[in-house]
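>>> Quick one: sequence and predicted model below, then my questions.
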Amino acid sequence: MAQPRAKVPRPMNSFMLWAKDHRAQFIEDYPDLDNVDISRLLGKSWANDVDPQIKAEYKQRAQQLKEDFLKANPEYKYQPKRKQRRKPPGEVLRHPRLFKTATLSSTPPLTLAPSVPSDSASNSSCDTGSEGFGEGSTL
């Protein structure tokens, strides 16, 4: 039986290379900050303070690493795996950023009222024509 391939780490981009080279100095300069805050400072520094020539050097290094990586792994294809969000019992399966969260116990049951056609004057804006699904249409 063939063994599954080990996950091959992607090469670092220019920012990651720069951050790796400068993280120790930031930790020394800000010993009271945790890693998350150090990473934020590194990101802000890269975006606002690093000279464009230095950025270009790191971009060139990153490009060379990428080319070497692709030569060593010609069949590599980046396939990110989405993390599954664990849902508490009873939570409705909805995207959390698009909808308010509701629980099954607080959601009223769905009831459908029969549609009753009214006079044609009130439905004049809804022209179904002969191919519509109005009266006399068959499915």
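Nice, thanks for sending it over.

>>> Alpha carbons of stretch 64-77, as CSV, please.
The C-alpha trace of stretch 64-77 is given here as CSV (Å, rounded to 0.1, in the frame of the first residue of the first chain):
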residue,chain,number,x,y,z
GLN,A,64,14.3,32.4,-5.7
LEU,A,65,13.0,30.2,-2.8
LYS,A,66,9.7,29.7,-4.7
GLU,A,67,11.5,28.8,-7.9
ASP,A,68,13.8,26.3,-6.1
PHE,A,69,10.7,24.9,-4.3
LEU,A,70,8.8,24.3,-7.5
LYS,A,71,11.9,22.7,-9.1
ALA,A,72,12.2,20.3,-6.1
ASN,A,73,8.4,19.7,-6.0
PRO,A,74,7.1,19.9,-9.7
GLU,A,75,3.8,18.3,-8.9
TYR,A,76,3.0,20.4,-5.9
LYS,A,77,-0.4,22.1,-5.9
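
>>> Would you mark the buried spots in it?
Buried residues in stretch 64-77, counting neighbours by 16 or more other C-beta atoms under 10 Å, are found at Leu65. For glycine as for every other residue, the C-beta is placed from the backbone atoms N, C-alpha and C.

>>> What lies in contact with it?
For stretch 64-77, contacts defined as C-beta atoms under 8 Å, 6 or more residues apart in numbering pick out 8, 10-12, 17.

>>> between these, which is closest to Leu42?
Leu17 (11.7 Å; C-beta to C-beta).
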